[in-house]
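Visitor: Structural data only, the sequence is not supplied:
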Ligand code: ARG
């Protein structure tokens, strides 16, 4: 492709070092769509005859079909997807193929291809995330009223429900969708026509090319358009954070399926056994989700570090943007699918949840609130309940069986009404709090928002 200036062939080691076709072949649908739009603009600018354009378009569509069918031989000597497609087109249709690269560079081509790839990938991720939200929502509905302890510092804090806990993840996933949608909006502009870095002396209709490719507009600085990989960084951040959310969900579920918690049971299909210990049933899906999230975070670091030292505009370092991009999309796609399946099939062990939630210590804050409603300032109420808790621990008496009025006259005999889980939950009616009524209203809201 650059034989004019060179007397020697590229060393085979350099070829091996520099090729990207082994991974960027997957850009072919976008590369071909970009080339057809570019050729049409050449036709409209009078640079191609109608026959030449038709030969190019048909030739590219045939190459597309051959790649789809696995009939295309990619050559590492042609480096990347752009040169593999163009060289094959020229081999098939002759001179017209050699005109295609007029007013274009691989630099604006690769930026276009990766924007189109990212746009498609985001569309698919949005659907997969909604499916996982629906699976969580279904379980939240089934176990809307199942009370469990809510934790801070992994210490029992206050009563919540499984429904409320699972809906917290539905919220996080909705924010992930928001970030992806936002990234898609920003990336959907066409860099084609920016050339190698300084546009071209041959003017093609950039807006028409952009419209044909479904872009919302064109980039407005050719140097930025060539050097920019922000859209990949944003996508890697959004996928990384989505992974972090699912890693936290995994951690909850790993705890919940221990003998110590015993809140959840996964189906046999979503767990593995031990080759040594016959009794084991391991939450590998959760552990691998947690583990693979390390890759998602690493991919973001990989790209940011690759870009941080680059002067404008294109530098070959940028070829290293694609392995982390593809890996994050593939990894998150699989994480979402497998978690959706596992969560749809998981069962909550309600008797174990109730046993854990029946710890009267969970209602210590409610007891302080009860004192406050009797007119005791909160700081004083906190201290009084602290004394009762210390007494319960010292004497080994459950908090709800202490003689509270004997500890302080601020407690009257009716303080014991506090130790009723249903009452405690029902009182949590403020927006965002876990009363059953609130949780059911949230489930209804999500259901109408997430239309299957
Ligand atoms: N394979 C290259 C990449 O992924 C395409 C752009 C090559 N441009 C160049 N000037 N060598 O970045």
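Guide: Thanks, I have the structure now. Just so it is clear, the model here is predicted, and its values are computed rather than measured.

Visitor: what's the closest non-adjacent residue to the residue in the stretch 251-400 of the chain positioned nearest to the ligand?
Guide: Using Cβ to the nearest ligand atom, residue 319 is the residue of the stretch 251-400 of the chain that sits closest to the ligand, at 3.6 Å. All C-beta atoms are positioned from the backbone trio N, CA, C, and that covers glycine. Distance criterion Cβ to Cβ, 6 or more residues apart in numbering; nearest residue to residue 319, sequence neighbours excluded, is residue 20 at 5.2 Å.

Visitor: okay but the one you found is in contact with residue 78, surely?
Guide: No: taking contacts as Cβ atoms under 8 Å, residue 20 lies outside contact range of residue 78: 10.5 Å.

Visitor: Now do the same for the nearest residue to residue 222 once chain neighbours are set aside: helix, strand or coil?
Guide: Take residue 222 and drop its neighbours on the chain: the residue closest to it by Cβ to Cβ, 6+ apart is residue 194, 3.9 Å away. Secondary structure, DSSP: H, G, I helix; E, B strand; the rest coil: residue 194 is coil.

Visitor: which bits of this protein sit near the ligand?
Guide: 20, 24, 80, 106-107, 110, 314, 316, 318-319 (Cβ under 6 Å from any ligand atom).

Visitor: farthest pair in those?
Guide: 24 and 314 (14.9 Å; Cβ to Cβ).

Visitor: The residue nearest to residue 222 and the ligand: what is the separation?
Guide: Residue 194 is 13 Å from the ligand, where distance means Cβ to the nearest ligand atom, to the nearest Å.

Visitor: what are the phi and psi values for that residue?
Guide: Phi and psi for residue 194, reported as degrees, to the nearest 10, are phi -80, psi -10.

Visitor: element containing residue 35, please.
Guide: helix 28-44 (DSSP states H and E).

Visitor: Under the pLDDT cut-off, which ranges of the chain? List them.
Guide: 1-2, 452 (pLDDT under 70).

Visitor: the strands in it, which residues?
Guide: 147-152, 155-161, 264-265, 347-348 (DSSP state E).

Visitor: Out of those strands, which is the most enclosed?
Guide: Highest mean neighbour count among the strands of the chain (mean count of other Cβ atoms under 10 Å): strand 264-265, with a mean of 20.

Visitor: what does it rub up against?
Guide: For strand 264-265, contacts defined as Cβ atoms under 8 Å, 6 or more residues apart in numbering pick out 253, 256-257, 346-349.

Visitor: Of these, which belong to helices?
Guide: 253, 256 (DSSP state H).

Visitor: could you flag which of the contacts of strand 264-265 are buried?
Guide: For the contacts of strand 264-265, a burial check counting by 16 or more other Cβ atoms under 10 Å picks out 253, 256-257, 346, 348-349.

Visitor: Name the nearest of those relative to residue 279.
Guide: residue 257 (13.6 Å).

Visitor: So residue 306 is in contact with residue 321, correct?
Guide: Yes: contact status for residue 306 versus residue 321: in contact at 6.8 Å, counting by Cβ under 8 Å.
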